[in-house]
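S.K.: below is the sequence, then the predicted model.
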Amino acid sequence: MTDAIVFRELPTACGRRIGVATLNAPAALNALSLTMVDALMPRLSAWAADPQVVAVLLDGAGDKAFCAGGDLRELYQSMRDCGSAPNAYAQQFFGREYRLDHLIHTFPKPVLCWGHGIVMGGGMGLMAGASHRVVTEKSRLAMPEIAIGLYPDVAGSWFLRRMPARLGLFLALTGAPMNAADALFAGLADFYLPHERKASLIEALSLTSWHADGTTHAAQLSHVLETLRDDTPPSESKLRIHFDAIQTLMGHDDLPDIARRLAACTASDAWLSGAAQNFLKGSPTSAALAFALWRNVPHLSLAQVFRNEFDASLGCCAHHDFAEGIRALLIDKDRQPRWQPAQLDQVDVSLLEDHFRPRYTGAHPLADLV
């Protein structure tokens, strides 16, 4: 079998090394599986502890995607098997994935993520915490979980909340796709490089003499990227163009008011009107969860966010909409999910609260994250 992750170490001019981890499931758009997570975690930890490793590069095999999201088929089967009962596989999947994401956010060395092609869901979780995030002309980013009955997890409630104004709330509720210019504008990316320059970047990294002082490595990596960057992405940012309209749609009031404005959206621009339609077709419970997390996150640390999302994700596995959304998109592929409840005004407080109640015994499985 082909390894799900290909690891290698890039030698540099000073004798130090750069760790390279390549997601290697191009036929599945490098969807993040538990096998990948379990391979990445110990290798990243080893590179973090190795004084001769100066930085890490994360990328994806193939030309279509860095990572199109989590591998949901086995998770779907676990939901079918467990129903509302404790789901051991879901605990393992989300627990290990969130630990990996947290490690990237807190990694003691520079992490360069080459976000070429599709970057969605679990792929966003890997990319968001990297110190140096690169997008290309083919980058297509999104947090489209509302369409499958989930919500923007993998610390989505953390990084979406830190976007300008209410752009993050708009993206959480609509799953609107972003291009490279959008990612730069929203703070989800740091550099734009044409994909054809990747080989030149790797060569430049290899030819660099990295200082003995590890505190300078992030700046050195930035300087290398600056020499190759392009300040003109090929497409304009829809988020920038529609910034004022998005703020009006999101407002400063409650979710039912936002829902009414999105339902009444008659924008001539296909991207903005399509985003509104995504919301209307999405899971009402997912919308309510995303909004609840949006309101609560400013008072939480990153570790608390991961613990909160772990509880909410297990709640989604125990309720109807997540399995139904996967069924409609990936299993039966009829794209006709039957949400329960079907209307936003039917999502009551008790249903939301039940998503956040502990579904494990003893201490929180992520209690040690700080």
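M.R.: Everything's here; your move.
S.K.: what is the burial count for Ser268?
M.R.: 6 (other CB atoms under 10 Å). From N, CA and C alone the C-beta is placed, and that goes for glycine too.
S.K.: also the one 10 residues further on?
M.R.: Counted with other CB under 10 Å, residues neighbouring Asn278 total 19.
S.K.: show the average pLDDT along the helix or strand hosting it.
M.R.: Asn278 belongs to helix 270-281 when elements are defined using DSSP states H and E. Helix 270-281 carries an average pLDDT of 98.
S.K.: packing partners of it?
M.R.: helix 167-174, helix 243-250, helix 255-263 (3 or more CB pairs under 8 Å, 6 or more residues apart in numbering; DSSP states H and E).
S.K.: which residues does it contact?
M.R.: The contact list for helix 270-281 (CB atoms under 8 Å, 6 or more residues apart in numbering) reads 144, 146-147, 170, 173-177, 238, 242, 245-246, 249, 259, 262-263, 265-267, 287.
S.K.: picking that back up, ok, which of the helices and strands packed on helix 270-281 comes nearest Thr232?
M.R.: With CB to CB as the measure, helix 243-250 is the member of the helices and strands packed on helix 270-281 nearest Thr232 (19.6 Å).
S.K.: average model confidence for the closest one?
M.R.: The model assigns helix 243-250 a mean pLDDT of 98.
S.K.: give me the contact list for that helix.
M.R.: So helix 243-250 is contacted by 164-167, 169-170, 239, 258, 261-262, 265, 267, 272, 276 (CB under 8 Å, 6+ apart).
S.K.: same check on stretch 134-142?
M.R.: 63, 112-121, 124, 171, 175-180, 182-184, 188-195, 225, 233-234.
S.K.: can we see that at 7 Å?
M.R.: Residues outside stretch 134-142 that contact it (CB atoms under 7 Å, 6 or more residues apart in numbering): 112-120, 124, 175-180, 183-184, 188-189, 191-195, 234.
S.K.: could you tell me which of the residues you listed count as buried?
M.R.: 112-120, 124, 175-180, 183-184, 188-189, 191-195 (16 or more other CB atoms under 10 Å).
S.K.: nearest residue to Thr232 in space, please, no chain neighbours.
M.R.: Tyr192 (7.9 Å; CB to CB, 6 or more residues apart in numbering).
S.K.: contacts only, for that neighbour.
M.R.: Val135, Ala180, Leu184, Arg229, Asp230, Pro233.
S.K.: what's the lowest-pLDDT member of those?
M.R.: Pro233 (84).
S.K.: mind checking how far that one is from Val135?
M.R.: According to CB to CB, to the nearest Å, Pro233 and Val135 sit 8 Å apart.
S.K.: more crowded one of the two?
M.R.: Set Pro233 next to Val135 and count neighbours by other CB under 10 Å: Val135 wins out with 31 against 21.
S.K.: report the beta-bridge partners for that one.
M.R.: Gly115, Tyr192 (DSSP bridges).
S.K.: ok, it to Leu314 distance?
M.R.: 32 Å.
S.K.: ranges for the strands of this protein?
M.R.: Applying DSSP state E to the chain gives strands spanning 5-11, 17-23, 53-60, 65-67, 111-115, 118-120, 132-135, 140-142, 191-192.
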